[in-house]
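K.L.:
Sharing a model that was predicted from the sequence below.
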Amino acid sequence: MRRIFRFRGSLPEPPRRPWGISADQHRQLLELLSQIGLHIVHEARGPVPLLTFGRRVLERLGASNGTVPLPHFADALKRVIRDMRHDHLRVMAPTDMMGVGYVYNAHDPQTWPVRTSR
């Protein structure tokens with residue numbers, strides 16, 4: 001009888017261990033992201049909308065099967081690109097709304113987002 005009740009109840013989920021990466025692994029991840037990002041911007045020959053950029057990064061990483069929510073991933077990319085302060089790869093976002101912004105190459109004027117005089 002106890003076995004029946006044991007199957008009905010859900011087993012407690014084991015606590016998840018937070019994981020960390022070393023400084024060298026962090027540097028390698030940022031370098032890989034910048035290479036992928038610059039290649040995507042170069043292919044587009046212009047500023048790439050943030051959601052499109054996020055979708056293309058997921059495609060390059062082989063995770064485009066829908067397991068990662070695109071707006072959240074694109075917003076995370078926006079924050080990472082902004083914080084990494086890369087010489088070439090930049091993001092311009094007029095607001096902090098999720099998924100809003102453009103990714104461009106700061107050293108290539110053809111990829112700059114258009115800015116109005118206002």
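P.N.:
Now that the structure is in, tell me what you want to look at.

K.L.:
dump the residue contacts of the closest residue to residue 101 other than its chain neighbours.
P.N.:
If you skip the residues right next to it in sequence, residue 101 has residue 93 as its closest partner in space, 3.1 Å away by Cβ to Cβ, 6 or more residues apart in numbering. The C-beta positions use only the backbone N, C-alpha and C, and glycine is treated the same way. Listed by Cβ atoms under 8 Å, 6 or more residues apart in numbering, the contact set of residue 93 reads 50, 78, 82, 100, 101, 102.

K.L.:
Filter those down to the buried ones, PyMOL style.
P.N.:
A single PyMOL command selects the buried members of the contacts of residue 93 (16 or more other Cβ atoms under 10 Å):
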select buried, resi 50+78+100+101+102
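
K.L.:
Among the contacts of residue 93, which lie within strands?
P.N.:
Among the contacts of residue 93, the residues falling in strands (DSSP state E) are residue 102.

K.L.:
Go through the contacts of residue 93 and name the one nearest residue 110.
P.N.:
Using Cβ to Cβ, the shortest approach to residue 110 within the contacts of residue 93 belongs to residue 102, at 13.1 Å.

K.L.:
Show me where this protein has its helices.
P.N.:
In the chain, the segments counted as helices under DSSP state H are 2-8, 23-44, 50-61, 70-84.

K.L.:
Point to the residue nearest the middle of the chain.
P.N.:
Note on the chain: the residue nearest the mean C-alpha position is residue 77, at 2.9 Å, using Cα atoms, centre = their mean.

K.L.:
ok, for that one, nearest residue in space, not its chain neighbours?
P.N.:
With Cβ to Cβ, 6+ apart, the residue lying closest to residue 77 is residue 54, at 5.5 Å.

K.L.:
so what's the one you found up against?
P.N.:
With contact set as Cβ under 8 Å, 6+ apart, residue 54 has these partners: 70, 71, 73, 74, 77, 99.

K.L.:
do that again at 7 Å, thanks
P.N.:
By Cβ atoms under 7 Å, 6 or more residues apart in numbering, the contact list for residue 54 reads 70, 73, 74, 77.

K.L.:
Residue 67 versus the residue nearest to the centre of the chain, what's the distance?
P.N.:
Plainly put, residue 77 is 16 Å away from residue 67 if you go by Cβ to Cβ, to the nearest Å.
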